[in-house]
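Chemist: Quick check, what structure comes out for this input:
(chains A and B)
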Amino acid sequence: MIYIILQLIIIIGLAPLMNGIIRKIKAISQKRKGASVFQMYYDISKLMRKDMVVSDTASWIYTAAPYVVFGSTVAAALLVPVCATEGWLNSAFMGGDALVFLYTLALGRFFLMLAGLDTGSTFGGMGSSREGLISSLLEPSMLIGLFTLGLASGSLSISRMMAESTAKAVPVLNPAYIVIFIVMIIVLLAETCRIPVDDPATHLELTMVHEAMILEYSGRQLALMELAASVKQLIIMTLIVNMFFPITFALPAGAAGVALAILLYAARVMLLSVLIGIVEVCTVKLRFFSVPNLAAIAFILALFGFVNYFVLGR
Amino acid sequence: MKKTDYDKLIQETFPEAVIKTEYKHENMLYAEIYSRSIRDLALFLNKEKGCPLIFMAACDKRKETGKFSVFYVFADRLRHILIVLKIHAETEYLSVSKDIPAASLYEREIKDMFGLVPTGHPDGRRFVFHGNWPGGNFPLRKDFDRKHKPEFMKRPLYFQKVIGGGTYEIPVGPVHAGIIEPGHFRFSVAGEPIINLEAQLYFVHKGIEKLCEGMDFERAFYVSERISGDETFSNSLAYCQAIEKLASVTVPERGSYTRVIFAELERLICHFGDLSGICTDVAYGFAWSHFNLLRIWSYQLADALCGVRFLRSVNVPGGVRKDYMAGKKEIMNEFLDKIQKELEDIMKIVGRNNQFNDRIEHTGILKHHTAEDLNAVGPGGRASGVACDVRKAFPYEKYSGLNWNEIVKSDGDVAARMEVKAGECFESISIMRQAADAMSEGDVRVDIDSLPPDSWEIGMTESSRGENIHFVMTDSEGKIDRYKVRTPSFCNWPALCQAVNGNIVPDFPLINKSFNLSYAGNDL
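Modeler: Sure, this is the predicted structure:
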């Protein structure tokens, strides 16, 4: 029980910070001071206190979508342990497998796309169709990537995969793990609507993907949507750091060990945020019809990793 | 053929058409012709002599002659001569749009503003006015009171329909997500690819032309400066040139060189803004911020030279307001060194970014013949291989004495437009340096007391967006009777709509930014 509460607090509490760090990195590259790394917390608390404007043509889907999106994202968050310590991995709730994880996220995305279509605005539909294209192209890569890790650990449960990674000491030295790592980075950039797939900072409604779908939202509902997006980002980051850069040395037992694990976790995801920030600085947005190429690269790499497992074994 | 041969040529080829011809200046032939012959003559000049139609304006002269006059300006850019044709019309005149597409928008504008019907025009829709303007109100007729507010009508807008399976329309604007001017875009798309784009503009129509009627030329000068925020200097310069030609005065050398420096500085500011805009639209944050930095430095240079970053009130009819360059050469060269070095560095970095180049190459291609047909001007035209720089074709101020190159590319895509703009920045820096060196001590302005009555003149400049034409006509008291402005945006909006076709919707902002047209300058 304590782990569930800890997990929720850590994931939801840390998620907006990652966006703050990425933005800070970008600001530095542009010779700007940039907003505080805590800006997104202020934004969300401001939005929570604001009134909502709802379109007359909106149906119940529009109202329900923010809760479904946020709820499903948080539910998915419960399947990805933030710390791969013994107690954490073995606690009751962490047994969910990769398929449940993927399709819990997909449920949220489905409602997000419906919400984009629901108000009948020009841009919502465009965003939904683009999101549909991108996510359907990337889903196979993520699926095969997780299957490969599952084969390596003999279980589709995410906590088993993490335990296996931890046991491997330096999993990144394994060729299968290396390619899946690259796949996961591409998936991370695409799923969280980052450059080169989407530009989270754009004001150009014709180029938007994620932003176009939530363009009609305001107030509390917008806050939930924004928070859900950042939570989703942190979940995939958590998956990456715990699968590919696990803590391999023994942690002290008891509360001290847990605290140290959490600290190390926070440090690793922050480092990954810095890395994402640098990737965003160095790349430009792809032409929309080049996104399938990126997805193809991810898929080929994932397949390569998959085959690798059979050739090289664990 | 020599430039002076044009009048003989016209008279010999169309002996029945011409009422009279005269050379107003060495490089402007004026011909009054019968309205029945305008089509033949226009086609002859445009198709056989290869002179694009660059300007059309109508004037309400019913009080004096009982008729409207319509002016057509053709430009022979190679021989540096303007051919101005004038016809009279009562209620309708022959349209030339079917053969000369560049005339289409002028004719529709004249129809909305004067109620003069171009017979045989392929497009009978409104242009300046939207559905809310009641018919029968023609604001530029002299009997239309400026303060009159007609009733609000509610009629739908008409756009070209694209019919077929899977096609639909995307309406965008007039209010946009960013802080930009208003304009409505109607995309007809099949999925992401754009089949047809129509732009509905004139949401910020301010009635500038009507406002200036009856004004003193000193007062109208301030209006000319405020036509479009980022083209302040080139607009006021074109206006001043028209006034100076009317008053037959020559700007002193030092004043003229000072004008060259400020005109190029304005080009630098605008081009840096455009370059940074192109980078923003592909989410290239690094280049965006560095081009913006250059823009800010250019603004600071403007501030250091004249104390006004937007270059307002620097010009004055007859020269420049005061000797801005006195003792400022060192400061200017310091800024220019800094800007040039940084610009070289950024262009190197940007040129090496393959992902960025992949985005801008083959995006938004404006074909050469389309550019010629629509008389696309400025960097938009030059990127498609049209050598249309006014500074070369019709040199004004001191440009002809300076050593610089007109940059012309042939690809017509966003990359070509970006290269043209970047190249022009380097040329501008060089021109500013040369002008500062060439300056000698002396006056910077002459006074103009009054304008001659009942005459007209054309002022032309190359603004950052291209060929900028101001037409000024005086009434019997020497006040302004008609002030017609044609900014480059007017020519390039239809070119943009053509360049977008066949591209995908998410690329539209990028193509749009590579032209970066002005709404205010178009809507007047």
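
Chemist: Would you mind writing the CA trace of stretch B:81-97 as PDB?
Modeler: C-alpha atoms of stretch B:81-97 as PDB (Å, rounded to 0.1, in the frame of the first residue of the first chain):
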ATOM      1  CA  ILE B  81      11.500  52.300 -68.700                       C
ATOM      2  CA  LEU B  82       8.000  52.500 -67.400                       C
ATOM      3  CA  ILE B  83       5.100  52.700 -69.900                       C
ATOM      4  CA  VAL B  84       2.100  54.400 -68.400                       C
ATOM      5  CA  LEU B  85      -1.200  54.000 -70.300                       C
ATOM      6  CA  LYS B  86      -4.300  56.000 -69.500                       C
ATOM      7  CA  ILE B  87      -7.800  55.300 -70.600                       C
ATOM      8  CA  HIS B  88     -11.200  57.000 -69.800                       C
ATOM      9  CA  ALA B  89     -14.200  55.000 -68.700                       C
ATOM     10  CA  GLU B  90     -17.700  55.800 -67.700                       C
ATOM     11  CA  THR B  91     -19.200  52.700 -66.200                       C
ATOM     12  CA  GLU B  92     -17.200  49.800 -67.700                       C
ATOM     13  CA  TYR B  93     -14.000  49.100 -69.500                       C
ATOM     14  CA  LEU B  94     -12.300  46.100 -71.200                       C
ATOM     15  CA  SER B  95     -10.800  43.600 -68.900                       C
ATOM     16  CA  VAL B  96      -7.300  42.300 -69.700                       C
ATOM     17  CA  SER B  97      -7.300  39.700 -66.900                       C
END
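
Chemist: Show me which residues of it are buried.
Modeler: Within stretch B:81-97, the residues scored as buried using 16 or more other C-beta atoms under 10 Å in any protein chain shown are B:81-89, B:93-97. C-beta here means a position set from N, CA and C on the backbone, and glycine is covered the same way.

Chemist: Stretch A:22-30 too?
Modeler: For stretch A:22-30, using 16+ other C-beta under 10 Å, the buried residues are A:22-27, A:29-30.

Chemist: Throw those into CSV and include pLDDT, secondary structure and distance to B:Pro150, thanks.
Modeler: Shown next, in CSV, are the buried residues of stretch A:22-30 (pLDDT from 0 to 100; DSSP: H, G, I helix; E, B strand; the rest coil; distance: C-beta to C-beta, whole Å):
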residue, pLDDT, secondary structure, distance to B:Pro150
A:Ile22, 93, helix, 54
A:Arg23, 92, helix, 50
A:Lys24, 94, helix, 55
A:Ile25, 92, helix, 56
A:Lys26, 90, helix, 51
A:Ala27, 91, helix, 51
A:Ser29, 88, helix, 54
A:Gln30, 86, coil, 49
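
Chemist: Out of those residues, which is nearest to B:Ser228?
Modeler: A:Gln30 (28.2 Å; C-beta to C-beta).

Chemist: Correct me if wrong: the closest one contacts B:Phe291.
Modeler: No: if you go by C-beta atoms under 8 Å, A:Gln30 and B:Phe291 don't touch, sitting 10.9 Å apart.

Chemist: Near A:Ala167, how many other residues are there?
Modeler: 12 (other C-beta atoms under 10 Å in any protein chain shown).

Chemist: any idea how far it is from A:Pro175?
Modeler: 18 Å (C-beta to C-beta, to the nearest Å).

Chemist: Ok, B:Arg62 next?
Modeler: 86 Å.

Chemist: Kindly report the same for B:Pro509.
Modeler: Distance from B:Pro509 to A:Pro175, by C-beta to C-beta: 42 Å.

Chemist: which one of those two has more residues nearby?
Modeler: Taking other C-beta under 10 Å, B:Pro509 and A:Pro175 do not tie; B:Pro509 has more neighbours (22 against 14).

Chemist: Now do the helices in chain A.
Modeler: Ranges of helices in chain A, per DSSP state H, are A:2-29, A:39-48, A:60-77, A:86-90, A:98-118, A:122-153, A:158-167, A:175-191, A:210-213, A:219-244, A:254-282, A:291-312.

Chemist: In contact with B:Tyr519, which residues?
Modeler: Each residue near B:Tyr519 by C-beta atoms under 8 Å, 6 or more residues apart in numbering or on different chains is listed here: B:180-183, B:201, B:203-204, B:489.

Chemist: same thing but 6 Å
Modeler: Shown in contact with B:Tyr519 (C-beta atoms under 6 Å, 6 or more residues apart in numbering or on different chains): B:181, B:183, B:204.

Chemist: Could you identify which of those residues has the most neighbours?
Modeler: Neighbour counts for the contacts of B:Tyr519, by other C-beta under 10 Å, peak at B:Gly183, which reaches 22 neighbours.

Chemist: quick one: low-confidence ranges for chain B?
Modeler: Within chain B, the stretches with pLDDT under 70 are B:1-4.
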